[in-house]
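J.: Sharing a model that was predicted from the sequence below.
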Amino acid sequence: MKKELIKKPTGTLDILPEDCIKRRHLENELINFFNNYNYKEIRTPTFEKTELFKRGIGDYTDVVSKEMYSFHNNEFTLKPEMTAPVIRAYLENSMYNLPGVVKLFYISNMYRHERPQAGRFREFSQFGAEAIGSSSYLIDAEMILLCIKILEHFGVGNVITKINTIGSPIERKDYLNELKKFLKDHIGSLTDTSKNRLEKNPLRILDTKDEKEIEILKSAPRLYDYLNDSTKKHFVNLLNLLDKLNIKYQVDYNLVRGFDYYTSTTFEIISNDLGSQNAIIGGGRYDNLVEELGGKSIPAIGFACGIERLLFLMEKNNYKFPSESIVNLFIVTFGDKAKDFALKTLIALRKRNIKCDTDFLDRSIKSQMKEANKIGSEFTIVIGDSEIDTNNALIKRMKDGKEFEISLNELEKINLDKFRN
RNA sequence: GCGGGUAUAGCUCAGCAGGUAGAGCGUCAGAUUGUGGCUCUGAAUGUCGUGGGUUCGAGCCCCACUACUCGCCCCA
């Protein structure tokens, strides 16, 4: 009886060798990048207490209310995002005692129980950063700059940076009342989802894609007009600095993000080359979160970038990934003596960091040569009884077929450079 | 949670008034016995997503289910 195959869970990815090389490369480059900006890496658990996300992200957000992978009587949850865990770790490890602004970055998997589609998975990877301890618009600017430079570095230049400021909950209070009043006057034209949001989360209605609603919202009160002078000043300073830094952006007064912790600056980088999930980077300031999670009132800002989406864009833009690591030497064998000798030699060569392999299927010389060719081995050496007897063999340079005589005694110490050109 | 599309060899796909399956690529093996790349020859692999129905007969028609996929919602 043939047994049934077990398949991977919906929305997950098998990352095969070819893609692992790309991701490894991406990660290495990122680490370099973050180090240049003086960000330190942080890793947190794959799961956290569910309460962390409820309090951090907000009970009524879509992610918390219906997309969390929770288990063990809902006590724990696979992390759906990294900001809350990083702040938790920051507080738990008293990192506020570190000098200056605490700048942290991460590369990690996230989990959200959504319906998968182009550019959206249930298990996905993000990298991102959090800068904790400064309320200056300078750090906002540096972070947006960092995002754009990273994308540029990976050959993704054709993007749109959207930016907005949404103030604090207190600043939003009056505005929300006005917005509700306004929307109620147009309630007949609202979609069902917007009607539902009217009481729970009216701000999100601003983000609608319904054309009728977009038209109505054009005459709606504007949040910006209700913000404090200091918030406005922060925003204006930021925009002026971005101008000086030659960073192109679009102010989008309707840019509202889905997590409750955002205050003041929010931004999003989108690409029209992605599918309908067009955001590649999202971020913003969250000046109340540290306090919300039990710390002192400490301002912070962060962003996250979708790695699958970034990789997709890199492929689309023909980014040149490093090629697969090639085998330096393939030892073709026949006869038991040769096979034993080969294995012993491989150990010595590998110790010298020479990438090498041999046949384990007892196949013909021809087949072994074919394999060596297919895996892109630089050199091959055929060893059989006569080579063992005479202690001499021919090493073959695969790219042009040239052969060189060498002594088997010296194979372990071979200097391949001598035969490279 | 709600819509649309798709489901044939490892991969990309073809198939037809409905008559019990094909190509290319890949894999494996050979082309005067111990040497790759080009070429040629040959081989293996599919209960045509699953279950039911219509029919003498279904990969092809109908129904259900499942998976995948794209979109809504939301997000990276």
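T.: Thanks, I have the structure now. Numbers count the residues shown, from 1 in each chain, chains lettered A, B, ... in the order given.

J.: would residue A:345 count as being in a helix?
T.: Yes. Counting by DSSP: H, G, I helix; E, B strand; the rest coil, residue A:345 is located in a helix.

J.: what's the single longest helix in chain A?
T.: For chain A, the helix reaching the highest residue count under DSSP state H is reported as helix A:17-36.

J.: buried set for that one?
T.: A:22, A:23, A:26, A:30, A:33, A:34 (16 or more other CB atoms under 10 Å). C-beta coordinates here come from the backbone N, C-alpha and C atoms, glycine included.

J.: Can you spell out which helices and strands pack onto that helix?
T.: Counting contacts by 3 or more CB pairs under 8 Å, 6 or more residues apart in numbering; DSSP states H and E, helix A:17-36 is packed against strand A:102-111, strand A:123-132, helix A:137-153, helix A:307-316.

J.: Relative to RNA strand B, how far out is residue A:102?
T.: 20 Å (CB to the nearest atom of the strand, to the nearest Å).

J.: can you check residue A:139 too?
T.: Distance from residue A:139 to RNA strand B, by CB to the nearest atom of the strand: 19 Å.

J.: For the helix or strand following the longest helix of chain A, which helices and strands make contact with it?
T.: Counting by DSSP states H and E, the next helix or strand C-terminal to helix A:17-36 is strand A:40-41. Secondary-structure packing of strand A:40-41 (3+ CB pairs under 8 Å, 6+ apart): strand A:102-111.

J.: Please work out which residues outside stretch A:200-220 touch it.
T.: Residues outside stretch A:200-220 that contact it (CB atoms under 8 Å, 6 or more residues apart in numbering) are A:60, A:166, A:172, A:176, A:179-180, A:182-183, A:186, A:189-191, A:194, A:197-198, A:223, A:253-256, A:258.

J.: I'd like the list of the residues you listed that fall within helices, please.
T.: Going by DSSP H, the helices hold A:172, A:176, A:179, A:180, A:182, A:183, A:194, A:197, A:198 from these.

J.: now, which of the buried residues of helix A:17-36 sits nearest residue A:332?
T.: residue A:22 (31.1 Å; CB to CB).

J.: For the nearest residue to that closest one once chain neighbours are set aside, what are phi and psi?
T.: Distances taken as CB to CB, 6 or more residues apart in numbering place residue A:321 nearest to residue A:22, at 4.9 Å, with adjacent residues excluded. Per-residue torsions, residue A:321: phi -80, psi 150 (degrees, to the nearest 10).

J.: Distance check, residue A:321 against RNA strand B.
T.: Residue A:321 is 20 Å from RNA strand B, by CB to the nearest atom of the strand.

J.: now residue A:59
T.: 13 Å.

J.: Just the residues contacting the helix or strand containing residue A:90, thanks.
T.: Applying DSSP H and E as the criterion places residue A:90 in helix A:83-92. By CB under 8 Å, 6+ apart, the residues outside helix A:83-92 that reach it are A:42, A:44-45, A:48, A:52-53, A:55-57, A:79, A:95-96, A:102, A:104, A:106, A:128, A:130, A:132, A:259, A:261, A:286, A:289-290, A:293-295, A:300, A:302, A:304.

J.: Give me the contact status of the lowest-mean-pLDDT helix or strand in chain A with RNA strand B.
T.: None of the helices or strands of chain A scores lower by mean pLDDT, DSSP states H and E than helix A:192-200, at a mean of 73. Yes. Using CB under 7 Å from any atom of the strand, helix A:192-200 reaches RNA strand B at A:193, A:197.

J.: List the buried residues of that helix.
T.: For helix A:192-200, a neighbour-count test (16+ other CB under 10 Å) marks A:194, A:197, A:198 as buried.

J.: Tell me how many other residues surround the residue nearest to residue A:22.
T.: 17 (other CB atoms under 10 Å).

J.: just the one 4 residues further on next, same as before
T.: In terms of burial, residue A:325 registers 9 neighbours under the definition other CB under 10 Å.

J.: Same check on residue A:326?
T.: 10.

J.: nearest residue to it other than its sequence neighbours?
T.: residue A:376 (4.7 Å).

J.: Tell me the residue of chain A that sits nearest RNA strand B?
T.: residue A:258 (0.5 Å; CB to the nearest atom of the strand).

J.: For the nearest residue to that residue once chain neighbours are set aside, what are phi and psi?
T.: The shortest distance from residue A:258 to any non-neighbouring residue, by CB to CB, 6+ apart, is to residue A:61 (5.7 Å). Geometry field for residue A:61 lists phi and psi as phi -70, psi 160, criterion degrees, to the nearest 10.
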